[in-house]
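# show me the folded form of this:
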Amino acid sequence: QVQLVESGGGLVQAGGSLRLSCAASVRTGYSIYTMGWFRQAPGKEREFVAAIRWSDRMTDYTDSVKGRFTISRDDAKFTAYLEMNSLKPEDTAVYYCAADNSVPLRYWGQGTQVTVSS
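Predicted coordinates for the structure are as follows:
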């Protein structure tokens with residue numbers, strides 16, 4: 001139904017910025033209601049980072065990234081973005097994009113590594 005491809009990860013120094021992209025390919029007739037970003041650090045469980053509702057752009061963030069990360073979308077490109085500023089070493093993780101027309105989100109990308117050096 002939905003295929004997701006993330007890009008934009010990399011290595012950055014603490015205080016730096018990165019922008020992640022999640023490009024969606026959606027089967028004709030299928031709708032996406034929510035797209036979200038999650039992350040998993042080594043030895044830790046996957047956690048929610050941010051989400052955006054496709055219909056009205058309502059957003060939600062985990063407390064640890066509020067004020068530093070911004071999720072947005074481009075309708076024409078069917079792409080969601082995660083703008084990450086003031087990055088900290090504790091933001092180091094594999095970041096995953098997820099999407100679906102209901103929750104829990106069933107479709108996931110392959111992940112992109114974000115490494116923040118101190």
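
# contacting residues for the most centrally placed residue in the chain?
Among the residues of the chain, the one closest to the centroid is Trp37, at 2.7 Å (C-alpha atoms, centre = their mean). Residues near Trp37 by C-beta atoms under 8 Å, 6 or more residues apart in numbering: Leu20, Cys22, Val49, Ala50, Ala51, Ile71, Ala80, Leu82, Tyr95, Tyr96, Cys97, Ala98. Any C-beta I mention is one placed from the backbone N, CA and C, and that applies to glycine too.

# touching, Thr34 and Val103? I think so.
Yes. At 6.6 Å, Thr34 counts as touching Val103 under the criterion of C-beta atoms under 8 Å.

# and these two? which has more neighbours close in?
Taking neighbours as other C-beta atoms under 10 Å, Thr34 and Val103 compare with Thr34 leading, 20 against 11.

# tell me what that one is bridged to.
Following DSSP bridges, Thr34 is listed with bridge partners Arg53, Asp100.

# return the backbone torsion pair for the residue of the chain positioned farthest from its centre.
Distance from the C-alpha centroid of the chain, by C-alpha atoms, centre = their mean, peaks at Gly29 (23.8 Å). The phi/psi pair for Gly29 (degrees, to the nearest 10) reads phi 100, psi -10.
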